[in-house]
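Peer 1: task: produce atomic coordinates for the following.
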Amino acid sequence: MHSPRGFRLVCVTALMAVVAVVSPAAQRSAPGSSAPGQPAMAPLPILTDVRIDQKLDLPVPLDLTFVDEAGKNVTLSQYFGARPAVLALVYYECPMLCTQVLNGLFSSLEPLKLDAGRDFDIIVVSFDPGETPAMARAKKASYLKHYQRPTGEAGIHFLTGRQAEIDTLADAVGFRYAYDEAIDQYAHPAAVTVLTPKGYVSKYLYGVEFAPMDFRFAMVSAGEGKIGTLVDQALLYCFHYDPATGKYSVAIMTFVRLGGVLTLLGLMAFLVVHLRRDRRQNSAVASTATGIR
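Peer 2: From the prediction side, this is the model:
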């Protein structure tokens with residue numbers, strides 16, 4: 001049989017190992033080797049100005065005035081205060097990319113229990129000052145045919161505006177686009193911006209397809225506790241948002257920490273029980289020895 005002292009030494013050693021894993025110092029990852037460099041390709045001159053300059057945690061000017069799909073003047077502040085919003089900068093006569101972004105956005109909403117107009121707003125703004133409310137109205141109608149939620153009409157907004165307001169809004173969210181006179185089209189990034197109820201930039205989602213999980217987590221995070229369930233809030237702790245990709249992934253270190261903490265508590269409880277049992281045994285032995293004498 002192993003001696004009690006030797007057994008306790010093993011437990012203490014295990015405790016120290018777990019603490020080392022859970023401690024922040026042990027969580028610093030070593031520098032990884034970088035991937036081999038790819039051959040540089042010279043971009044088209046116009047594309048050098050097309051990008052997203054992230055403006056995370058910075059405010060959008062809510063006093064900007066636009067025109068909605070009904071032809072009414074509106075300010076951005078009308079769409080904020082109660083719930084988060086997703087902002088899509090597009091132009092309605094875009095031959096391809098803008099439609100793909102909007103298709104991807106609305107497709108990601110289908111499986112969600114969150115509703116536009118109740119849990120969040122969708123604000124689509126044309127960055128072409130020549131486009132009209134009639135174009136915005138037609139575009140909105142085409143998407144409402146597929147997004148048939150009771151609150152959709154009130155929570156989805158298609159706007160047009162003047163160049164000054166468009167530029168101010170685009171600059172506030174870091175949306176860099178350019179007009180190509182040669183083909184009479186705009187070059188622009190494929191992304192949407194998630195805003196808090198107070199109008200601050202919270203997240204960016206990139207591409208033309210948005211995973212429903214990414215969209216839901218982005219809304220719950222931006223909602224500042226106003227939307228989503230307790231389960232959603234707990235899951236946010238277990239998933240990590242990567243600003244570079246605009247996607248969420250499992251936070252491995254979170255699970256390592258949780259596992260380490262649970263193991264630590266289990267070892268401590270086991271050690272306490274073992275020490276108490278040793279004390280009772282030693283006390284019984286001492287009492288027996290005293291009785292014999």
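
Peer 1: okay, now residue 175: neighbour count?
Peer 2: Using other CB atoms under 10 Å, residue 175 has 26 other residues around it. C-beta here means a position set from N, CA and C on the backbone, and glycine is covered the same way.

Peer 1: in space, what's closest to it - neighbours in sequence excluded?
Peer 2: residue 89 (5.0 Å; CB to CB, 6 or more residues apart in numbering).

Peer 1: tell me how many other residues crowd that neighbour.
Peer 2: 22.

Peer 1: so is it in a helix, a strand, or just coil?
Peer 2: Put simply, residue 89 is strand when judged by DSSP: H, G, I helix; E, B strand; the rest coil.

Peer 1: that one contacts residue 125, correct?
Peer 2: Yes: using CB atoms under 8 Å, residue 89 makes contact with residue 125 at a distance of 5.6 Å.

Peer 1: give me the common contacts of the two.
Peer 2: Taking CB atoms under 8 Å, 6 or more residues apart in numbering as the criterion, residue 89 and residue 125 both touch residue 169.

Peer 1: can you pull the buried residues of stretch 206-225?
Peer 2: 206-208, 210, 214-223 (16 or more other CB atoms under 10 Å).

Peer 1: what ranges do the strands span in this structure?
Peer 2: Counting by DSSP state E, the chain has strands at residues 51-52, 65-67, 73-75, 85-90, 121-126, 156-159, 175-176, 178-180, 185-187, 191-195, 201-206, 239-242, 247-250.

Peer 1: list the contacts of the residue nearest to residue 173 when sequence neighbours are not counted.
Peer 2: Once flanking residues are discounted, residue 173 sits nearest to residue 193: 4.6 Å by CB to CB, 6+ apart. Residues in contact with residue 193, defined by CB under 8 Å, 6+ apart, are 86, 87, 88, 89, 173, 175, 201, 203, 204.

Peer 1: any chance of those in TSV, plus distance to residue 50 and pLDDT?
Peer 2: Output for the contacts of residue 193, formatted as TSV (distance: CB to CB, whole Å; pLDDT from 0 to 100):
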residue	distance to residue 50	pLDDT
86	21	97
87	18	98
88	16	98
89	12	99
173	14	98
175	10	97
201	19	96
203	20	92
204	15	94
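
Peer 1: and those, which two are furthest apart?
Peer 2: For the contacts of residue 193, the maximum inter-member distance is 15.1 Å, found between 89 and 203 (CB to CB).

Peer 1: residue boundaries of the helices in the protein?
Peer 2: Taking DSSP state H, the helices of the chain run over residues 4-22, 97-109, 133-144, 152-155, 163-172, 212-222, 230-238, 252-292.

Peer 1: next, count neighbours for residue 183.
Peer 2: Neighbour tally, residue 183, other CB under 10 Å: 10.

Peer 1: what pLDDT does it get?
Peer 2: pLDDT recorded at residue 183 is 89.

Peer 1: next up, the contacts around it.
Peer 2: Counting by CB under 8 Å, 6+ apart, residue 183 makes contact with nothing.

Peer 1: how close does it sit to residue 95?
Peer 2: Note on residue 183: its distance to residue 95, by CB to CB, to the nearest Å, is 10 Å.

Peer 1: what are the phi and psi values for the residue nearest to residue 166 when sequence neighbours are not counted?
Peer 2: In this structure, residue 166 finds its nearest non-sequential neighbour in residue 127, 5.0 Å apart by CB to CB, 6+ apart. Note on residue 127: its backbone torsions stand at phi -100, psi 10 [degrees, to the nearest 10].

Peer 1: what residues sit buried inside stretch 69-77?
Peer 2: 69, 74, 76.

Peer 1: now these as a markdown table including pLDDT and distance to residue 63?
Peer 2: Listed next are those as a markdown table, based on pLDDT from 0 to 100; distance: CB to CB, whole Å:
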| residue | pLDDT | distance to residue 63 |
| --- | --- | --- |
| 69 | 98 | 21 |
| 74 | 99 | 11 |
| 76 | 98 | 7 |
